[in-house]
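A.B. asks: Got a predicted model here, sequence first, then my questions.
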Amino acid sequence: MAATTIDQVISSPRVSARGERLGLLWRSPTFLVGSVIVLFWALSAIFGRLVVPHDPFQPDILHGLTPPSPAHWFGTDNLGRDVFSRVIVGARGILTVAPLATLVGTVLGTSIGLIAGFFRGLVDDVLMRAVDAFLAVPVVIVGLLALVALGPSNLTVILVIGIVFTPLIARTVRAAVLAERELEYVQAAQLRKENALYTMFVEILPNVLPPVLVEFTVRLGYAIFVTATLSFLGFGIQPPAPDWGLTIFQQYIYLIGGAWWPALFPAFAIASLVIGVNLVSDGLVQVFGKS
Amino acid sequence: MARFLARRIGLALVTLWLLSIIVFVGANVLPGDVGRRILGPFADPRAVAVFNHQLGTDRPILVQYWSWLTHALRGDLGNSIAFGDPGVSMLTRALGNSLKLGLVAFLLVVPLGVLGGIVAALNRDRFLDRLITIAGISATAVPEFVFAILAILIIGVALRLLPITATAPDGSSVPVQFGYLILPAIPLVLVLFGYIARITRAGMIEALDADYTRTAVLKGLSYGTVIRRHVLRNALLPTIAVVATQTGYLIGGLVVIEFMFNYQGIGQLLFLAAQKKDFPLLQAGVMVIGAVYLIATLVADITYSLLNPRIRYGGAD
Amino acid sequence: MSQAAAPPPVLDVNDFRLSFRVRGRDRTAIRGVSFTVGQDDSYGLVGESGSGKSTIALAIVRYLPQNARITGGSIRVAGQDLVGMHDAELRKLRASTVSMVYQNPGSALNPSIHIGKQVVEVFRIAGLGKDEAHDQALAMLKKVRIADPDRVMERYPHQLSGGMQQRVVIAMALAKNPALLILDEPTTGLDATVEAEVLDLISALRREYGTSILLISHNLGLIARLCGRIGVLYAGRLVEEGSCDSLFADPRHPYTVGLLRAIPRWGMSKTQGVLDTIPGLPPPVGANIPACVFVDRCGLAQDICREKEPPLFDLGNSRWSRCFFYERANLLPVHEPPVRVRAPRHGEAQTLIKVEHLNKTFRHDGQSLKGVVDVSLVIRQGEALGLVGESGSGKTTLARVLLGLTAPDKGSVLEVEGHALIPVIGQRPRDQVRALQMVFQNPGGSLNRRHSVRRILGRALSRLIGLVGRARERRILELAQSVRLDRSLLDVWPDQLSGGLKQRVAIARAFAGEPRLVVADEPTSALDVSVQGAILNLLVDLQAEKGVTYLFISHDLGVVRYLSDRIAVLYLGRLMEVGDAETVFTGPHHPYTEALLSAAPVVKGEQRTRIRLHGEVPSAASPPTGCVFHTRCPRFIGDICVNVEPPLLEVEPGHMMSCHIPISELRKMQRPEAGVPVPTERTT
């Protein structure tokens, strides 16, 4: 019997690919800036209620619509409530609904994408037609229809956005699965007579997780966008929650009269959060994108 | 080629049909008791029953669907509960207005986005590229209503560059109408710019890195000629395919923009329908939007296949 | 006495150094390379992955990535200094003096522009008018032996076959009558017979145009065929240089010696000799190597090799070697342990697999395509059957049908050890699933990157044999040992392994269930030359130890001949010839086999008589009538070949052939003295 031979020297330069990628991530400015922003709002969502200077729900009609001042950093809205406190606390609503909705969409979408991509043929065709049908109508409009039909509540919003996102994510996952499926390890699994469930979830899924992760963060940004829009239209998060979209809807008429602060600061909050999430996802795409 | 066309149209029709089922379920099954939903929780049960009978929602689901489908194929999309008028006429008028707004937005954003993507790709990883990419990401992220507020404030109120209302006075010529539509189109343009620029940039980079570009450069052509003659035609192909899908986001944005500018387009119509729980109108409107989107993607698909020799001319000898 | 000024060499590379800036650090890729290519010369640069050969090619045309930095030395093309050139001069150089042809001709052509326009463009750059350029382009296409150039001019690249695409690229390259033509792996991916044609074309054209050639390849046989001189590149350094003949006959650097020992010399079979390997891996790009670049893998290394870098020693006769011990290079100790070989038993061995009237038709979009047509053969226990054929031959389809990955047409008979083999693997009983396993071509794709090696082997064991727990762990260790995989590698991810190691894991996995038949589909094609030997030796060893049977698929005839006991030759899904390896290879053999053998580029050994096949492999969708090979057969005898499909007959004991020419005639025709048949221009 031949002696065992080591004919390679792999270890040193090839530090695990994953470790190398994480290192790159930390050095990416887009990722870092985005993470800081997201972190700030996440902390606001969790601890906001405890640290804000004023009670966000306490009206003070006499001092309504006062401009920003040392007492009220962001001024007061039409009911005299402190805008700054409302903005900070308002993060909670949107940061509960949007991530959960995205999670629902990702789990469902990944499963559908896996099934469509793995089985191909008729199953794929049928599923993709259904996906196309969902994609034909913009998210906001489907959201409207569903929320009208079911009545607005946080849970409904989460489910509706989640289900509407499913086709989008399924598309991307399917594409990744189609590519993986061509690789020989899938054939090797067939040669072991592995069943479909095993091959899909144990063999293929771990390899499509990077694109799934990227999809998640990309969709998260869009989920925030949609949640804010639906709240703005009155079909999302309901009053008296200090939700940003809702606030803007309530306060933007005062813009014409010159009171820009109650509408603009929540607007900036939305913008900054979505930009932050998008920067994070852009950073992730740059590092994990071509896996 | 004809087979391909037939196949694509067939698929689009199947999708449209599936959409009709989904929409129908959404508008007639999800609410449960439609009459109750519309009249509210405090209405008298007998009034609700009468209302349901008027609407026809007390029939079996499949019968309802069949009735709706056959009417729709004949061009009758039901009457609006809230407004009383037939859905089709309301929708056509509103759609016309929205298409004008959409067209203005499109005419602005596509050249801007494509140009941005090309410039970004040609300056890859340098300042201009980072700038365009970050600007694109940021702009895409912000919801339209935020931009709308800023646009109204800055351009409309402070600088007084453009009129704030979107609707031109009656009888205005088309160019004047378009002029009024520029301000409302701006938020749409900003939101879509990022995505189009990004896809164009990706397509350009892939073409720039391709072997055929190397061949062209090694023939001794100048850089400019290589870009013009060899790179652009391959780089812009994916963009065409993608631009059509942007109609989806465009229409979604219309709801908000039309609401804010009080513009009588289909977005506003649907919003009002939603507020008034006008299910027939909602159903009809969503179908129309779906159809518009499918037509847009079909056109884009066909254009893409005509322009891409690999698809147009099939395989090897 | 007056001396006429000698014309400058076409290419003069002098101590050229280049590095890449990666993440803020400079990584040296080329460490000082010098060579010259004179007028009418043909120079070959050979090296494996990471040697820097492609980088040099791109440096000569100055098409380097943005992060490349030239850190020293010079490159002169036709006397002009390349490194300091301005853009305008560079463009002129590219337009008139240097041309490049590289692999993947399909992607080298712009998919959205007509062929005609792309070729015409070259002439327009040279200043010709529209009409004249068009005429010249047409003439050029004719020159590269494209039949019907008018039609081809109207086509798009994706409508042409690989061979035709490469000919168009060559036409574009030679159109400007360059002084230097650089070829970077120009025939990778092309079928053997097409490759031979392209090489002949290049040879002929370059003589006609008087162009100098720089050929870059990892394939020594290719270089031997085209080039007069050769330079061996390792880790960015030229380690040996000389004329092809003298270098191959008498290599003077341990690396060259190792390379030559790693490839089966023509005619060599496993019973005649062992292939050797070069242990270790080439240093990664950018590594800092103070001394001899090859020292870590060299069996002759001494202390001095680790302290100083050897200079280029002049061995006289234009031979150079960068090794202190060039005199002893041939004494490089063999690295691979000796290999046991099972002597093939003729006739007595029992049948393991029986295939009768196997047909496989693919249906797509209303068209049907016959992948395998009426194949009947037998695979005997313990033998290695080599399956040979070009693209469209059906060899992969045949293997897939055997493995149950694709179902054959009704009426096909498949048997393993006398029992019917269930066509679809999903329905096979466990013992049949265990019995047939496969080693894939692409080691990177055949192992799940998210599973550790231990998990991969463990799953195979538990699934195929039902082993769990301690027994399974023990068996994993045994498997690893049997493929000479160190146990420390069991808990790493496939990405951390080199190609050769990945393939060992794949082989271990295939053997996990103690299979009866292992299908090896191009098991070494994706590996570096220096590593191939180890894998092939491993396969031979395992066969001797476990008595397993192989179905071995490869396009590399040298490797097939080395490994196989019997050979089956396929063309367009039909069996052309089956027989003992020796018999099939020495002849007399089927005309197609004859052409294949003559097409294979060899380093040393018998000089084959050159048979050139015309045209491309016909499309499987509309195969020729009668004998499917008749459209390209150099021994075509007449109408019978066009009308009647020859049956597969036993022409000698143990030797089956499908040809109308009786074997006695073939024997006379194929003797070396009989001369080479002149291929006639045939219209299909």
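C.D. replies: Yep, it's here.
A.B. asks: For chain A, what's the nearest residue on the stretch 201-317 of chain B?
C.D. replies: Chain A sits closest to residue B:252 of the stretch 201-317 of chain B, with a gap of 3.1 Å, by Cβ to the nearest Cβ. The way it works is simple: take the backbone N, C-alpha and C, and place the C-beta from them, glycine included.
A.B. asks: which residues touch that residue?
C.D. replies: Residues near residue B:252 by Cβ atoms under 8 Å, 6 or more residues apart in numbering or on different chains: A:138-141.
A.B. asks: Which one (most neighbours) among those residues?
C.D. replies: Highest neighbour count within these: residue A:140, with 28 neighbours (other Cβ atoms under 10 Å in any protein chain shown).
A.B. asks: so where does residue C:352 fall, helix or strand?
C.D. replies: Per DSSP states H and E: residue C:352 is located in strand C:351-364.
A.B. asks: in that strand, what's buried?
C.D. replies: The neighbour-count check on strand C:351-364 (16 or more other Cβ atoms under 10 Å in any protein chain shown) flags C:352-355, C:358-360 as buried.
A.B. asks: How about whichever residue of chain B sits closest to chain C: what's its closest non-neighbour residue?
C.D. replies: Nearest residue of chain B to chain C (Cβ to the nearest Cβ) works out as residue B:220 at 2.7 Å. Nearest non-adjacent residue to residue B:220, counting by Cβ to Cβ, 6 or more residues apart in numbering or on different chains: residue C:95, 2.7 Å away.
A.B. asks: Touching, the one you found and residue B:217? I think so.
C.D. replies: No. If you go by Cβ atoms under 8 Å, residue C:95 and residue B:217 don't touch, sitting 10.7 Å apart.
A.B. asks: related to what we said a few turns ago, looking only at pLDDT, what's the mean for the helix or strand containing the residue of the stretch 201-317 of chain B closest to chain A?
C.D. replies: Assessed by DSSP H and E, residue B:252 sits inside helix B:232-261. For helix B:232-261, the mean pLDDT works out to 83.
A.B. asks: Now chain A against chain B: closest residue?
C.D. replies: Residue of chain A nearest chain B, by Cβ to the nearest Cβ: residue A:138 (3.1 Å).
A.B. asks: these two touch, right, that residue and residue B:245?
C.D. replies: No. In terms of Cβ under 8 Å, residue A:138 does not count as a neighbour of residue B:245; the distance is 10.8 Å.
A.B. asks: if I look at residue C:135, how far off is residue C:95?
C.D. replies: With distances taken as Cβ to Cβ, to the nearest Å, residue C:135 is found 20 Å from residue C:95.
A.B. asks: wait, residue C:592
C.D. replies: Separation of residue C:592 from residue C:95 (Cβ to Cβ) stands at 43 Å.
A.B. asks: neighbour-wise, which of those two wins?
C.D. replies: residue C:592 (30 against 19).
A.B. asks: which residues of the stretch 1-150 of chain C fall in strands?
C.D. replies: C:11-22, C:25-37, C:42-46, C:68-77, C:80-81, C:98-102 (DSSP state E, counting those that start in this stretch).
A.B. asks: Take the ones you listed and lay them out in TSV including mean pLDDT.
C.D. replies: Converted to TSV, those look like this (pLDDT from 0 to 100):
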stretch	mean pLDDT
strand C:11-22	91
strand C:25-37	89
strand C:42-46	94
strand C:68-77	91
strand C:80-81	89
strand C:98-102	91
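A.B. asks: okay if I get those strands as JSON lines plus mean neighbour count and distance to chain B?
C.D. replies: Below are these laid out as JSON lines (neighbours: other Cβ atoms under 10 Å in any protein chain shown; distance: least, Cβ to the nearest Cβ, whole Å):
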{"stretch": "strand C:11-22", "mean neighbour count": "18", "distance to chain B": "13"}
{"stretch": "strand C:25-37", "mean neighbour count": "19", "distance to chain B": "18"}
{"stretch": "strand C:42-46", "mean neighbour count": "25", "distance to chain B": "18"}
{"stretch": "strand C:68-77", "mean neighbour count": "18", "distance to chain B": "13"}
{"stretch": "strand C:80-81", "mean neighbour count": "14", "distance to chain B": "14"}
{"stretch": "strand C:98-102", "mean neighbour count": "25", "distance to chain B": "5"}
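A.B. asks: and of the ones you listed, who's closest to chain A?
C.D. replies: That would be strand C:25-37 among the strands of the stretch 1-150 of chain C, by Cβ to the nearest Cβ, at 10.7 Å.
A.B. asks: Output the closest one in PDB with nothing but the alpha carbons.
C.D. replies: The C-alpha coordinates for strand C:25-37 follow below in PDB (Å, rounded to 0.1, in the frame of the first residue of the first chain):
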ATOM      1  CA  ARG C  25       0.300  45.500  -2.700                       C
ATOM      2  CA  ASP C  26       2.400  44.700  -5.700                       C
ATOM      3  CA  ARG C  27       2.400  41.100  -6.700                       C
ATOM      4  CA  THR C  28       5.100  40.100  -9.100                       C
ATOM      5  CA  ALA C  29       3.900  38.100 -12.000                       C
ATOM      6  CA  ILE C  30       6.700  38.200 -14.500                       C
ATOM      7  CA  ARG C  31      10.200  38.100 -13.000                       C
ATOM      8  CA  GLY C  32      12.500  39.000 -15.800                       C
ATOM      9  CA  VAL C  33      11.900  37.100 -19.000                       C
ATOM     10  CA  SER C  34      14.000  37.400 -22.100                       C
ATOM     11  CA  PHE C  35      13.600  35.800 -25.500                       C
ATOM     12  CA  THR C  36      13.600  36.700 -29.100                       C
ATOM     13  CA  VAL C  37      11.700  35.700 -32.100                       C
END
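A.B. asks: Which strands and helices lie in contact with it?
C.D. replies: The elements that strand C:25-37 packs onto, with contact taken as 3 or more Cβ pairs under 8 Å, 6 or more residues apart in numbering or on different chains; DSSP states H and E, are strand C:11-22, strand C:42-46, helix C:53-60, strand C:68-77, strand C:212-217, strand C:237-243.
A.B. asks: Brilliant, that's me finished.
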